[in-house]
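[1] Below are the sequence and a predicted model; questions follow.
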Amino acid sequence: MNDITPQQARAQLAEAEAATDRRAGDRRVHALATAGFGLLIGGYLAVSRLVEGTSWETPVIAFYVLLLLGLAGWQTRGASTWPRRARRTSWVGLGATTVLFFGAVVAFNVGEAQQDAGSTAASDNVALLVLAGLVVAAPMLAAAVLIDRRERR
């Protein structure tokens, strides 16, 4: 038979509860990291257009790379497992964000090319750049919400 003592049953229950807590923490880490990556990509779209051709361009890119590496390191150290379907959800969000990012870059470049020499380029409009950055980040933000809210099974 599979008889266990009350102490063994309590130990098994405590272990199962601890595993559930770890999975919830891992889910939170992956959700925050997914949102963070989306915001970094969207923010890079806006900030890189603003500092393009200035002395700030190289430091901004270096800082961006450091932020990406720091976020990736935190995600790797902060979670021991991938919650169910979290990896696929974050990759789908990244794919959609990437498509929107390149679409926005093309749209801004085409808009600048069509501008008259004396007129202001569309990418000089900070509000438009911020809006474009948020639109680009939206798929990864939605993926983060899905990862965080998904039922714990």
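    Looks like it came in fine. Numbers count the residues shown, from 1 in each chain.

[2] Going by C-alpha atoms from here, please, whenever you check contacts or count neighbours.
    Noted.

[3] So what does residue 53 have for phi and psi?
    The phi/psi pair for residue 53 (degrees, to the nearest 10) reads phi 80, psi 10.

[4] what residues does stretch 27-41 touch?
    Stretch 27-41 is contacted from outside by 64, 68, 71-72, 75, 78-79, 82-83, 86, 90, 94, 97, 101, 133-134, 136-141, 143-148, using Cα atoms under 8 Å, 6 or more residues apart in numbering.

[5] Next, residue 11: phi, psi?
    Here is the backbone geometry of residue 11 (degrees, to the nearest 10): phi -60, psi -40.

[6] separation between it and residue 87?
    According to Cα to Cα, to the nearest Å, residue 11 and residue 87 sit 31 Å apart.

[7] Give me the more crowded residue out of these two.
    Comparing residue 11 with residue 87 by neighbour count (other Cα atoms under 10 Å), the higher total belongs to residue 87, at 15 against 12.

[8] Show me where the chain has its helices.
    Secondary structure of the chain, counting by DSSP state H: helices at 6-51, 57-78, 86-114, 126-149.
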